[in-house]
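[1] make a model of this:
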Amino acid sequence: MSDKVIEFKNVHLYQGGEKILSDINLSIHSGELVYLIGKVGSGKSSFLKAIYAELSQFDGEIEAASYSIHSIRKREIPFLRRKIGIVFQDFQLLSDRSIYENLLFVLRATGWKKKKLMDARIMEMLSKVELSDKAHKMPHQLSGGEQQRVVIARALLNNPEIVLADEPTGNLDPETAESILSLLWEIRKAGKAVVVATHDYPIIEKFPSKIIQCEQGKVHEVAAFTPTDLEHFQNEKE
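    Predicted structure coming up:
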């Protein structure tokens, strides 16, 4: 098995002093795609936030991209986050600038200086998501699927070890959703650890992989997930 890039040891997560998830013990390896499922409010977002040190209230030990989250210093957090790419459901693209300028903003914010290197990296990532010809388009000129591909390109700019995707297909039609998961699947094959929080059962069926579930304050691996689970899983949305 490849190296662990995420590990939770005896972790209890809290928000506002209230325990959200308890007794988390799991690891995720490079080259692994993991689905995170559970009802709305079950703690999926808190689980993801703990990985990139956005949620600081917890007991136990969390390791992510060679950083100890339980003892990380505030000044180290930006360096941790350069090793983690985040794909949001609602895109969070800057609407007042082009796709190229959106990606340039991220590179400048993370310490890149040389224009030629930044240009090359941006075009390399846009090529990877098949949007080389859209660099100078504004976000509103792209379809939802194209915008999500831009978000994936943005997440990959700093060559992260971990990619966290929070409901990446939630606002997309089935065909576009499949193309987005196919892209994330290829990213996994390139050696990244990819965690996908999702309610999209058909996607899990098309791209079967390890599943962990947030349920009743616990996080556990689902041993098997077959079409017979569809009704139960669809109820998780409610």
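[2] please make it C-alpha for all contacts and neighbour counts, starting now.
    Fine.
[3] which residues of this structure score low on pLDDT?
    Segments of the chain classed as low confidence (criterion: pLDDT under 70) are 1-2, 223-238.
[4] and the helices in it?
    44-51, 77-82, 99-109, 115-128, 144-156, 174-189, 201-206, 230-235 (DSSP state H).
[5] tell me, what residue is most central in this structure?
    The centre of the chain sits closest to Leu164, judged by C-alpha atoms, centre = their mean, with a distance of 1.3 Å.
[6] residues in contact with that one?
    48, 84-87, 194-197 (C-alpha atoms under 8 Å, 6 or more residues apart in numbering).
[7] I'd like those residues as a markdown table, with distance to Leu93 and neighbour count appended.
    Formatted as a markdown table, the contacts of Leu164 follow (distance: C-alpha to C-alpha, whole Å; neighbours: other C-alpha atoms under 10 Å):
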| residue | distance to Leu93 | neighbour count |
| --- | --- | --- |
| Leu48 | 20 | 20 |
| Ile84 | 18 | 25 |
| Gly85 | 14 | 24 |
| Ile86 | 12 | 24 |
| Val87 | 11 | 24 |
| Val194 | 21 | 27 |
| Val195 | 21 | 24 |
| Val196 | 20 | 23 |
| Ala197 | 20 | 26 |
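[8] between all of those residues, which two are at the greatest distance?
    Ile84 and Ala197 (15.1 Å; C-alpha to C-alpha).
[9] which ones are touching Asp23?
    9-12, 218-219.
[10] same thing but 10 Å
    By C-alpha atoms under 10 Å, 6 or more residues apart in numbering, the contact list for Asp23 reads 8-13, 59-60, 217-220.
[11] let me know the closest of those residues to Ser30.
    Distances from Ser30 to those, taken by C-alpha to C-alpha, are shortest for Phe8, at 15.1 Å.
[12] test my guess that the closest one contacts His220.
    No. If you go by C-alpha atoms under 10 Å, Phe8 and His220 don't touch, sitting 11.7 Å apart.
[13] what about those two, which has more around it?
    Phe8 (20 against 15; other C-alpha atoms under 10 Å).
[14] what is the more buried one paired to in the beta sheet?
    Leu26, Ile62 (DSSP bridges).
[15] can you tell me how far it is from Leu21?
    12 Å (C-alpha to C-alpha, to the nearest Å).
[16] then Glu175?
    34 Å.
[17] more neighbours: which of these two?
    Legend: neighbour count by other C-alpha under 10 Å for Glu175 and Leu21, higher for Leu21 (23 against 9).
[18] thought the more buried one was touching Glu215?
    Yes. Contact criterion C-alpha under 10 Å: Leu21 and Glu215 qualify, at 8.7 Å.
[19] what about the closest residue to Ile204 other than its chain neighbours, neighbour count?
    Excluding the flanking residues, the one nearest Ile204 by C-alpha to C-alpha, 6 or more residues apart in numbering is Tyr35, at 7.8 Å. Residues contacting Tyr35 under the criterion other C-alpha under 10 Å number 21.
[20] and Tyr35, how close does it get to Ile180?
    14 Å.
[21] with Asn171 instead?
    12 Å.
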